[in-house]
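Asks: sequence first, then the predicted structure, then my questions.
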Amino acid sequence: MEKYIGMDAHSSICVFSVVDEKGTEVNQAKIATNGKLLVEYIRSIKGSKKLVFEECELSAWLFETLHNEVDELMVCNPTRNQQYKKAKTDKLDAQNLARLLRGGFLTPVYHDGSKTEHLRALMSSYQDITDTGVSIKNRYKSLFRKAGLPARGAKLYDDSSLLEDLPRPDQRFVGHSFYRLLEALEKEREQYVAAIRKLGRTFPEIKLLKGIPGIGDIQAAKIVSQVISAQRFKDKHKFWSYCGLVRHRMESGGHVYGSRRGWGNRILKCVFKMAAKSVLTGENELRAYYDELRAKGTSDKSARSAVSRKLAAIALGILKTSRPYDETLLLRRAEQAG
C-alpha cells in the first residue's frame, strides 16, 4: 500500500503527516531535525513511500539524507503551487502537503543530490555577497546625490578622499563606514571567485559553456548550478520560460488579460541578459543577428531579448550534447528544438 508523507521541516523539528491511498491520515509525528532520527522514522513506515517537503534552507541536506529511504521524493515550491496554502499549524501544513502529493497537485523543484548541489550552495552565497554589495553601493552613491555632488563612475568606489567633499560630518562618517564595508565585501567576493573557479574545474560543462561569447567562469557556474540537468527541459521554449526570457499569458474563461515577465529564474535571466549586452559590443554572428532584426523593424529592446534567448538556446544545446561552442553550427541548432 502506498503511503504519502508530508513533512513540514524546521531547523529544530520536523512535523510529519502520513496518509494512505484513500487520503486517510494513518500516522503523524514530530521528530527532531537530526539525520539519524529522521531516517529511523521514515524506515518505520511500511509500504511504498512518497515523501514531500517545501523548498527551504534545509532542502539540499534533507534530500541527500532521505532520498534513498523512499520510493519517491519531491521538493516543492509553495509559490508555484496554487493549491497549497500555508495553514495555522505545522501539523496542518504537513497534512496538506501529504494530501496534495497524493492528488498529484504539486509542482517539484529540481534536486539531484549530486555535487551540483554543492556548487548551487556556493553560488547562492556568492549571490548574497554580490546583492549586499550592490545594496551598499546604492546607499553610498545616495550620500553624494543628496549632497548635490557627482555620483558616477568607478572612481567613486575607489577613492575614499571623495568623501571629504560631503558637507556634513554625519554624512562623512556614514560614507567611511560604507566604504570599509565595500572593501571587506570585495575581499570576500574575491575569495568566493577563487573557490568557484576551483570547484568549477571539476565540471566539464563549465569549461564548455565558457566558450560562449559573454560567458565567463562565474556566469558558466551560475548556469550549471541553476540548470542542474539540461535533460529536464524538453526544448528551448521550456528553458526560455524557466529563465524568464519569454512572456507568460494570463487567461481565464477563454479571455487573455495580458502578459507578464515576472516569472522565471532571475539568476539565469540576468546571466543571459548581461551576456547579450556584452556580445553586442563586438563584431560576431550574434551582433549580426541583432542588426538583422533591427533592420526588419524590431525594437532595440526586443532585439536584445532575442539575442538573450539565442544565447540561452546555445547554452542548453551545449549542456545537452556536451559539444563545444561552434558559432555557425550551434546558431543553426538554436533555431531548431533545444
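Replies: Done, it's in. Residues are numbered from 1 along each chain as shown.
Asks: hey, let's count contacts and neighbours off CA atoms from now on
Replies: Noted.
Asks: please list all residues in contact with residue 3.
Replies: By CA atoms under 8 Å, 6 or more residues apart in numbering, the contact list for residue 3 reads 18-21, 46-50.
Asks: from these, list the buried ones, please.
Replies: Those of those that meet the buried threshold are 18-20, 49-50, by 16 or more other CA atoms under 10 Å.
Asks: just checking, residue 214 is part of a helix?
Replies: No: counting by DSSP: H, G, I helix; E, B strand; the rest coil, residue 214 is not found in a helix; it is coil.
Asks: thinking again about what came up before, with pLDDT, distance to residue 150 and secondary structure added, can I get the buried ones among the contacts of residue 3 in a markdown table?
Replies: Supplementary listing: the buried ones among the contacts of residue 3 in a markdown table, determined by pLDDT from 0 to 100; distance: CA to CA, whole Å; DSSP: H, G, I helix; E, B strand; the rest coil:
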| residue | pLDDT | distance to residue 150 | secondary structure |
| --- | --- | --- | --- |
| 18 | 97 | 62 | strand |
| 19 | 96 | 64 | strand |
| 20 | 95 | 67 | coil |
| 49 | 97 | 63 | strand |
| 50 | 96 | 60 | strand |
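Asks: in JSON lines, list the residues you listed along with distance to residue 311.
Replies: Formatted as JSON lines, the buried ones among the contacts of residue 3 follow (distance: CA to CA, whole Å):
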{"residue": "18", "distance to residue 311": "45"}
{"residue": "19", "distance to residue 311": "45"}
{"residue": "20", "distance to residue 311": "46"}
{"residue": "49", "distance to residue 311": "41"}
{"residue": "50", "distance to residue 311": "38"}
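Asks: which single one of those is nearest to residue 73?
Replies: residue 50 (5.8 Å; CA to CA).
Asks: wait, the closest one sits on residue 68?
Replies: No: with contacts counted by CA atoms under 8 Å, residue 50 stays clear of residue 68, the gap being 11.3 Å.
Asks: show me this protein divided up by domain.
Replies: 2-103, 115-202, 208-335 (automatic domain parsing).
Asks: of the ones you listed, which shows the lowest average pLDDT?
Replies: Of all these, the minimum mean pLDDT falls on domain 208-335 (a mean of 85).
Asks: residue 302: which element?
Replies: Assigned by DSSP states H and E, residue 302 falls within helix 300-321.
Asks: how about that helix: buried residues?
Replies: 303-320.
Asks: got the CA positions of it in CSV?
Replies: Presented in CSV, the C-alpha positions along helix 300-321 are these (Å, rounded to 0.1, in the frame of the first residue of the first chain):
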residue,chain,number,x,y,z
ASP,A,300,16.1,47.6,-29.7
LYS,A,301,14.6,46.1,-26.5
SER,A,302,13.0,43.2,-28.4
ALA,A,303,16.1,42.5,-30.4
ARG,A,304,18.3,42.4,-27.3
SER,A,305,15.8,39.9,-25.8
ALA,A,306,16.0,37.8,-28.9
VAL,A,307,19.8,37.7,-28.5
SER,A,308,19.4,36.7,-24.9
ARG,A,309,17.1,33.8,-25.9
LYS,A,310,19.6,32.8,-28.6
LEU,A,311,22.4,32.6,-26.0
ALA,A,312,20.2,30.6,-23.7
ALA,A,313,19.3,28.1,-26.5
ILE,A,314,23.0,27.8,-27.4
ALA,A,315,23.8,27.1,-23.7
LEU,A,316,21.1,24.4,-23.5
GLY,A,317,22.4,22.8,-26.7
ILE,A,318,25.9,22.6,-25.2
LEU,A,319,24.7,21.1,-22.0
LYS,A,320,22.6,18.5,-23.8
THR,A,321,25.2,17.4,-26.3
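Asks: now the residue sitting furthest away from the middle of the chain: which helix or strand?
Replies: Relative to the C-alpha centroid of the chain, counting by CA atoms, centre = their mean, residue 167 is the outermost residue, at 42.1 Å. Using DSSP H and E, residue 167 maps to neither a helix nor a strand.
Asks: looks like it contacts residue 148 (just checking).
Replies: No: contact between residue 167 and residue 148 fails when scored by CA under 8 Å: they sit 9.9 Å apart.
Asks: ok, back up a step: switch the domains of the chain over to JSON lines; also include distance to residue 109.
Replies: Formatted as JSON lines, the domains of the chain follow (distance: least, CA to CA, whole Å):
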{"stretch": "domain 2-103", "distance to residue 109": "5"}
{"stretch": "domain 115-202", "distance to residue 109": "13"}
{"stretch": "domain 208-335", "distance to residue 109": "11"}
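Asks: any idea how far the nearest residue in space to residue 10 that is not next to it in sequence is from residue 13?
Replies: By the measure of CA to CA, 6 or more residues apart in numbering, the closest residue to residue 10 outside its immediate chain neighbours is residue 33, 7.2 Å from it. Separation of residue 33 from residue 13 (CA to CA, to the nearest Å): 5 Å.
Asks: more crowded one of these two?
Replies: Higher neighbour count among residue 33 and residue 13: residue 33, with 17 against 14, using other CA atoms under 10 Å.
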